[in-house]
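A.B. asks: Give me a model of this one.
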Amino acid sequence: MESSRTAVTRLTAECRLVEIDGAQHGFAVHDDPLYLNPRSQAWQAFVIGTVRDWLTS
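C.D. replies: This is a model prediction of the structure:
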């Protein structure tokens, strides 16, 4: 996470770093690749919703 936090401060384009406590990188959930765990499903929905809102705002 630290390298991402540093990168965000250096970017000139609009950006937003979204940190999800306990989640793994991006869309991937390596411990639950089929997203059967409700927590994995919630993380996935949050990430997709955040990206959708950013792209449509």
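
A.B. asks: What are the buried residues along the longest helix along the chain?
C.D. replies: In the chain, taking DSSP state H as the definition, the longest helix is helix 38-56. Buried residues in helix 38-56, counting neighbours by 16 or more other Cβ atoms under 10 Å, are found at Ser40, Trp43, Gln44. Heads up, the C-betas are built off the backbone N, CA and C, glycines and all.

A.B. asks: Specify the residue positioned farthest from the middle of this protein.
C.D. replies: Thr12 (20.0 Å; Cα atoms, centre = their mean).

A.B. asks: roughly how far is the lowest-mean-pLDDT helix or strand in the chain from the heart of the chain?
C.D. replies: One helix or strand of the chain scores below all others by mean pLDDT, DSSP states H and E: helix 38-56, with a mean of 88. Relative to its chain's centre, helix 38-56 lies at 7 Å (Cα atoms, centre = their mean, to the nearest Å).

A.B. asks: Return the list of helices and strands in contact with it.
C.D. replies: Applying 3 or more Cβ pairs under 8 Å, 6 or more residues apart in numbering; DSSP states H and E, we find helix 38-56 packed against no helix or strand.

A.B. asks: Residues contacting that helix, please?
C.D. replies: Residues outside helix 38-56 that contact it (Cβ atoms under 8 Å, 6 or more residues apart in numbering): Arg16, Val18, Ile20, Gly22, Ala23, Gly26, Phe27, Val29, Asp32, Tyr35.

A.B. asks: So Asp31: helix, strand or coil?
C.D. replies: The assignment at Asp31 comes out as coil when based on DSSP: H, G, I helix; E, B strand; the rest coil.

A.B. asks: Next, find the distance separating Trp54 from Cys15.
C.D. replies: From Trp54 across to Cys15, the span is 9 Å (Cβ to Cβ, to the nearest Å).

A.B. asks: wait, what's in contact with Val8?
C.D. replies: So Val8 contacts Cys15, Arg16, Leu17 (Cβ under 8 Å, 6+ apart).
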